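Visitor: Need coordinates for the below:
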Amino acid sequence: MTMRGRCMMVLTTLLVAPPTAAEANRAFDPSAAYHELTDNRATLVLRDQTHLSVTMYIDFTSALHRALAPQHSETEFVLTYSAMPPVRFRDALHKAQARFVINTRVQQSPGDTVVLSNWTWPDATAVQAMLQQHAMQTVVAPLDHAHAQPMEIHADAIAAQPIRAVTIRFPSEFARVLVVSYKPNQVWVDPTMRSPRITF
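Guide: Okay, the predicted model is just below:
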């Protein structure tokens, strides 16, 4: 079946069996679905001298579209992958994640590349549910622009030498990423004494 045929099949299914009122309210509740800051962003936290924590908040719909089906429109991608059998969808998601891992690089400045490990990814069921909500919105309000809540990706970088500075490269599928970096200040607070002065 062609891409166009699959898209029409998904649209027909959604129109014949539209979401209940409760499902529609959950799917389009702005307080549940949207976030003030929807731009792609990453937070780099130096936990100790050699441990860098990297947390990314990414528009996963757009990133997956660019990774898996850039030759098709985003609408075609959403309709096709939202209706995909869960096992096939999970395989496609793992393929995209492997691509993202390969193309995310942290390098000490100056120094060698620091390998990222302990990756955590959004659950495949949650990602497909997000695409299904996007597909429903495409049917119910095709002229409205969908704003998906960014999904969280996490990884750790453990360096052999103390980290003074790094450069980072993200996959091209993530587009532009706003990076926030810091080294936390830690103080003990005794219950019988006033805490040390905490500055920002």
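Visitor: Next SSE downstream of the lowest-mean-pLDDT helix or strand in the chain?
Guide: Ranking every helix and strand in the chain by mean pLDDT, DSSP states H and E puts helix 30-33 at the bottom, with a mean of 36. Downstream of helix 30-33, the next assigned helix or strand under DSSP states H and E is strand 41-48.
Visitor: Tell me the buried residues in stretch 164-184?
Guide: 166, 168, 170-171, 173-174, 177 (16 or more other C-beta atoms under 10 Å). Heads up, the C-betas are built off the backbone N, CA and C, glycines and all.
Visitor: Widest-spaced pair of those residues?
Guide: Spanning the widest gap among the buried residues of stretch 164-184 are 166 and 173, at 21.2 Å by C-beta to C-beta.
Visitor: Look at residue 63 and say how many residues are nearby.
Guide: Counted by other C-beta atoms under 10 Å, the residues lying close to residue 63 total 24.
Visitor: Let me fix that, I meant to ask about residue 107.
Guide: Residue 107, neighbours per other C-beta under 10 Å, totals 15.
Visitor: for the protein, which spans come out with low pLDDT?
Guide: 1-38, 141-147 (pLDDT under 70).
Visitor: Out of the buried residues of stretch 164-184, which sit inside strands?
Guide: Counting by DSSP state E, those place 166, 168 in strands.
Visitor: nearest to residue 75, of the buried residues of stretch 164-184?
Guide: Closest to residue 75, out of all of these and judged by C-beta to C-beta, is residue 173, at 17.8 Å.
Visitor: and the closest one, what is it in contact with?
Guide: Residue 173 makes contacts with 62-64, 66-67, 96, 99-100, 103, as judged by C-beta atoms under 8 Å, 6 or more residues apart in numbering.
Visitor: Could you identify which of those residues has the most neighbours?
Guide: Ranked by neighbour count (other C-beta under 10 Å), the contacts of residue 173 have residue 64 at the top, with 26 neighbours.
Visitor: Show me what the helix or strand hosting that residue is packed against.
Guide: Per DSSP H and E: residue 64 is located in helix 60-68. On a contact count with 3 or more C-beta pairs under 8 Å, 6 or more residues apart in numbering; DSSP states H and E, helix 60-68 meets helix 74-82, helix 86-102, helix 124-140.
Visitor: Out of those, which is the most enclosed?
Guide: Mean neighbour count (mean count of other C-beta atoms under 10 Å) peaks for helix 74-82 among the helices and strands packed on helix 60-68, with a mean of 21.
Visitor: okay, the angle between it and helix 86-102?
Guide: Angle of helix 74-82 versus helix 86-102, following axes from the mean of the first three to the mean of the last three C-alpha atoms, to 10 degrees, is 120 degrees.
Visitor: Which elements pack onto helix 74-82?
Guide: Applying 3+ C-beta pairs under 8 Å, 6+ apart, one finds that helix 74-82 contacts helix 3-16, helix 60-68, helix 124-140.
Visitor: And the contacts of the second one?
Guide: Contacts with helix 60-68, where a contact means C-beta under 8 Å, 6+ apart, come from 74, 77-78, 81, 92-93, 95-96, 99-100, 122, 127, 130-131, 134, 146, 148, 150-151, 171-175.
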